[in-house]
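Undergrad: Let me see the structure of the following:
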Amino acid sequence: MLSSAALERLALYTSPYIALYALPIICCAWVAYMRLFHPLAGIPGPFWASLSRTWLAFHVYRGHIDTLQRDLHDKLGDIVRIAPDEVSISDPEAIKIIYGIKSGFVKTDFYDEFQAMKPHRDHFSRRDEKVHADRRRYVNNLYSMTTILESEQCIDSCSEVFLPKMAKHADQCTVVDLGEWIQWYTFDVIGELFFGERFGFLDGEHDYENTIQHLDSLFPAAAIGGVLPVYARRVLQLFGPLAPSIRAGITCFENIRKRAAAAVQGRLAEVEAGNRGGRADMLDKLISLLQVKPGWVVMDINSEVCSALLAGSDTTAIAIRAVLYYLMKTPAAMETLVDEILAASASGKLSPSIRYAEAIELPYLVACIKEGLRIHPSVGMSLPRHVPPGGATISGRFFPGGTRVGINAAVVHFDKNVFGDDALQFVPERWLQGEASVKMERYLFHFGQGARTCLGKNISLAEMYKIIPQFLRQFRVELVQPDKEWHTHDAFFNKQEGILVRLYKR
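TA: Residues are numbered from 1 along each chain as shown. This next block holds a predicted model:
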C-alpha cells in the first residue's frame with residue numbers, strides 16, 4: 001500500500017498531465033456540442049463563428065461586416081449563423097416578425113455599450129419594452145416632422161454658412177473633402193437645433209476639438225464590445241484605454257457628457273431666473289416636459305442631449321454623402337435631378353432657402369434620397385433581438401427562446417426579389433414605379449422599423465431634403481478621381497472616406 005508521501009508525489013506528477021489531457025477533451029466536446037447538438041447546429045455559417053463570438057468581433061473590427069454578411073447570405077441562404085447563439089436573417093418578411101410593434105423580441109445586451117449617460121438608459125440602449133414605450137411617448141411629439149420644421153430656420157442658418165464656404169472653394173478651384181464638410185455641417189445643425197448655436201465646425205473649418213476623430217475611435221470599440229460576451233467586454237474595458245485612440249475617444253465621450261449636463265443646467269438656471277428669450281430650441285422643449293410629464297427628470301434631458309451629440313450627426317452625414325456620391329457616380333441620374341431642381345426653381349416652386357415642404361414635391365429628388373438610403377444605410381450591422389421565451393418561427397425555421405436574431409439593412413436592402421435584379425446598382429427610377437415602389441418601401445430598414453424606429457429620423461430627413469437640392473442648385477460637383485471608389489469602414493455606423501471633389505458655380 002502506498003504511503004501518504006508517495007500519494008502526494010503521485011498527485012504532484014500527474015496533475016499537470018490530467019490538465020494537459022483534459023483540455024483537448026473539453027475543447028473537442030465543446031466543438032462537438034456547438035457543431036452537432038446545439039439548437040443552431042444545423043444552420044450554415046463560418047466554422048469559427050459557431051464556436052466563439054470573437055469571429056464576429058474580429059470582422060466588426062476589420063470594418064467590412066456589411067459586405068461579409070451579404071456574401072454569406074448569397075452563398076448560404078436566408079439564415080446564417082454568425083455567432084454561437086446568434087443568426088443573421090436576410091428574409092425581408094422577417095422584418096415585421098422581429099421588429100414589429102409588440103413582437104415580443106427584446107433588445108440584447110449589445111446595446112449596453114452604447115449608453116450615453118450610464119447608468120441611466122436612453123431610448124437606444126433601453127431594453128425593457130414597456131419602459132421604452134412609456135418614455136418614448138413623452139418625446140414623440142418633439143421629434144415629429146411638424147415640430148422639427150418649427151425650427152427649420154436652424155438648418156437654414158447652417159446652410160447659410162456652409163454654402164458660401166463651398167462657393168469660396170469653387171472660386172479658388174481647390175479640391176474639397178466633401179464628406180468631411182458634410183459632417184461638419186450636420187454636427188453644427190445639431191448644435192443649432194438643440195442649443196440654439198453652432199458648435200464651430202463650419203465657422204472654424206475644422207473638426208472642433210477633434211470631436212469627430214475621437215468618436216470615430218470610440219464607436220468601433222463600442223460595437224466590438226457589444227458583440228463580445230460579457231466576460232470579454234471586461235477585458236476590453238480594462239485594456240482598451242491603453243490604445244491612445246480609444247483613450248482619446250473615452251476622454252471625448254466624457255467631455256460630451258459633461259458638456260451636455262452643463263448645457264442643461266445652464267439653461268435650467270436661465271428658465272428659473274426668467275432670462276430665457278428668443279426662439280425655443282429642442283433643449284427648451286425638453287425642459288418644458290418637466291412641468292407636464294410625471295417621471296420626466298433632468299437626467300432624461302441630459303440623456304437626450306448627449307445622445308443627439310454622440311449620434312445625431314453621423315447618421316445624417318453618412319446618408320447625405322451616399323446620395324451625393326452615387327449621383328456623381330451616375331451622371332444620368334445627376335443630370336435628371338439637377339434638371340428637376342433648376343426647372344422647379346425657375347418656375348418659382350423653390351424658395352431661396354429651399355423649404356422641406358417644397359423639396360418633397362420633387363419626385364426625382366425623393367427617389368434619389370430613398371435610393372441613397374437603400375444602397376448605403378447609415379447603420380451597417382444587424383440589430384440583434386432575443387427570441388421570446390416561447391420560441392418563434394422565422395423564415396420557416398423554429399428558434400428557441402433566447403436565441404439572438406437580427407437583420408442588417410445593408411443585406412436586406414439588396415434583396416433582388418424585392419428591389420429587382422439591379423438591386424446592386426443606384427437606380428432612383430425604381431421608386432417611380434407606383435405600386436411596386438410602395439411594396440419596396442415596406443422593406444426599407446435604414447431607420448429601423450416598429451416601436452424602435454430611429455427617434456431622430458425626421459431631423460435627418462429634414463436636413464437631407466433641404467441641403468441636397470440647395471447644394472446642387474448652386475454647384476456642379478465632380479469627383480476628382482471618378483474611377484476610384486470611396487473607402488468605407490463599417491463598425492455600426494458605415495462611414496465613408498475619400499469623397500474628394502471639385503465645385504463649379506452654376
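
Undergrad: quick one, what contacts the spatially most central residue of the chain?
TA: Closest to where the C-alpha atoms of the chain average out (CA atoms, centre = their mean) is residue 379, at 3.5 Å. Contacts of residue 379 were listed using CB atoms under 8 Å, 6 or more residues apart in numbering, and they are 315, 409, 446, 492-494. (C-beta placed from N, C-alpha, C; glycine too.)

Undergrad: between the residues you listed, which is nearest residue 236?
TA: Using CB to CB, residue 492 comes nearest to residue 236 of the contacts of residue 379, at 15.1 Å.

Undergrad: Is the closest one in contact with residue 378, as I believe?
TA: No - the pair residue 492 / residue 378 is not scored as a contact, 9.4 Å apart, by CB atoms under 8 Å.

Undergrad: where does the chain dip in pLDDT?
TA: 1-21 (pLDDT under 70).

Undergrad: Show me where it has its strands.
TA: With DSSP state E, the ranges of strands along the chain come out as 79-83, 86-89, 106-107, 176-177, 385-386, 392-394, 397-399, 404-406, 475-479, 487-491, 493-497, 500-505.

Undergrad: Nearest to residue 245 among those strands would be which one?
TA: Nearest to residue 245, of the strands of the chain and by CB to CB, is strand 487-491 at 12.7 Å.

Undergrad: what distance separates stretch 326-335 from the middle of the whole chain?
TA: 25 Å (CA atoms, centre = their mean, to the nearest Å).

Undergrad: can you check stretch 404-416 too?
TA: Counting by CA atoms, centre = their mean, stretch 404-416 comes out at 14 Å from the chain centroid.

Undergrad: Just the endpoints, please. Distance across it?
TA: 26 Å (CA to CA, to the nearest Å).

Undergrad: Buried ones in it, by neighbour count?
TA: Across stretch 404-416, burial judged by 16 or more other CB atoms under 10 Å covers 404-415.

Undergrad: next one: stretch 150-160
TA: Under the neighbour-count criterion of 16+ other CB under 10 Å, stretch 150-160 has 151-152, 154-159 buried.

Undergrad: now, among those residues, which is nearest to residue 94?
TA: So of the buried residues of stretch 150-160, ranked by how close each gets to residue 94 (CB to CB), first place is residue 155, at 35.7 Å.

Undergrad: which residues touch that closest one?
TA: Neighbours of residue 155 in contact, by CB under 8 Å, 6+ apart: 189, 192-193, 462-463, 466-467.

Undergrad: Then residue 84?
TA: Listed by CB under 8 Å, 6+ apart, the contact set of residue 84 reads 34, 38, 40, 49-53.

Undergrad: and what of residue 257?
TA: 116-117, 302, 306.

Undergrad: Equivalent analysis for residue 191, please.
TA: 197-199.

Undergrad: Repeat the analysis, applying 10 Å as the threshold.
TA: Residues in contact with residue 191, defined by CB atoms under 10 Å, 6 or more residues apart in numbering, are 154, 158, 197-202, 208, 281, 308-309, 312-313.

Undergrad: Can I get the residues you listed in JSON lines including distance to residue 180?
TA: Output for the contacts of residue 191, formatted as JSON lines (distance: CB to CB, whole Å):
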{"residue": "154", "distance to residue 180": "22"}
{"residue": "158", "distance to residue 180": "15"}
{"residue": "197", "distance to residue 180": "21"}
{"residue": "198", "distance to residue 180": "16"}
{"residue": "199", "distance to residue 180": "15"}
{"residue": "200", "distance to residue 180": "15"}
{"residue": "201", "distance to residue 180": "10"}
{"residue": "202", "distance to residue 180": "11"}
{"residue": "208", "distance to residue 180": "12"}
{"residue": "281", "distance to residue 180": "26"}
{"residue": "308", "distance to residue 180": "21"}
{"residue": "309", "distance to residue 180": "18"}
{"residue": "312", "distance to residue 180": "17"}
{"residue": "313", "distance to residue 180": "12"}
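
Undergrad: Quick check: the farthest pair among those?
TA: 208 and 281 (18.7 Å).

Undergrad: what about the helices in the stretch 201-350 of the chain?
TA: 201-204, 211-227, 230-239, 244-273, 282-288, 298-311, 314-329, 331-346 (DSSP state H, counting those that start in this stretch).

Undergrad: Relative to residue 426, which of those is closest?
TA: Of all the helices of the stretch 201-350 of the chain, it is helix 314-329 that lies closest to residue 426, at 4.0 Å by CB to CB.

Undergrad: Report the buried residues of that closest one.
TA: So for helix 314-329, counting by 16+ other CB under 10 Å, buried means 314-328.

Undergrad: Surely residue 398 touches residue 43?
TA: No - counting by CB atoms under 10 Å, residue 398 stays clear of residue 43, with 11.6 Å between them.

Undergrad: between those two, who's got more neighbours?
TA: Ranked by neighbour count (other CB atoms under 10 Å), residue 398 and residue 43 place residue 43 first, with 18 against 11.

Undergrad: Measure how buried the closest residue to the more buried one other than its chain neighbours is and give me the count.
TA: The spatially closest residue to residue 43, leaving aside those adjacent along the chain, is residue 81, at 4.3 Å (CB to CB, 6 or more residues apart in numbering). Other residues within reach of residue 81, judged by other CB under 10 Å, total 23.

Undergrad: partner residues bridging residue 81?
TA: Under DSSP bridges, the beta-bridge partners of residue 81 are residue 87.

Undergrad: Look up how far residue 142 lies from the closest residue to residue 296 other than its chain neighbours.
TA: In this structure, residue 296 finds its nearest non-sequential neighbour in residue 289, 4.7 Å apart by CB to CB, 6+ apart. To residue 142, residue 289 is 8 Å away according to CB to CB, to the nearest Å.

Undergrad: Residue 340 now?
TA: 33 Å.

Undergrad: ok, those two, which is more surrounded?
TA: Higher neighbour count among residue 340 and residue 142: residue 340, with 18 against 15, using other CB under 10 Å.

Undergrad: show me the contacts for the closest residue to residue 326 other than its chain neighbours.
TA: Using CB to CB, 6+ apart and skipping the chain neighbours, the partner closest in space to residue 326 is residue 426 (4.0 Å). Neighbour list for residue 426: 322-323, 325-327, 329-330, 333, 368, 371-372, 374-376 [criterion: CB under 10 Å, 6+ apart].

Undergrad: for residue 158, what are its contacts?
TA: 184-193, 198, 201-202, 463, 466-467.

Undergrad: Kindly recompute the last result at 7 Å.
TA: Contacts for residue 158 (CB atoms under 7 Å, 6 or more residues apart in numbering) come out as 185, 188-189, 192, 198, 202.

Undergrad: what's the closest of the contacts of residue 426 to residue 241?
TA: For the contacts of residue 426, the nearest to residue 241 is residue 376 (31.8 Å; CB to CB).

Undergrad: Scan the contacts of residue 155 and report the most crowded one.
TA: residue 189 (32 neighbours).

Undergrad: so that one touches residue 463, yeah?
TA: Yes - at 5.8 Å, residue 189 counts as touching residue 463 under the criterion of CB atoms under 7 Å.

Undergrad: the helices in the stretch 401-506 of the chain, which residues?
TA: 409-412, 416-419, 435-441, 457-474.

Undergrad: distance between the third one and the chain's centre?
TA: Right, helix 435-441. Between the centre of helix 435-441 and the centre of its chain there are 24 Å (CA atoms, centre = their mean).

Undergrad: buried sites along that helix?
TA: residue 440.

Undergrad: Now residue 123: closest residue in space that isn't a chain neighbour?
TA: residue 455 (5.4 Å).

Undergrad: One more: residue 413?
TA: residue 374 (4.8 Å).
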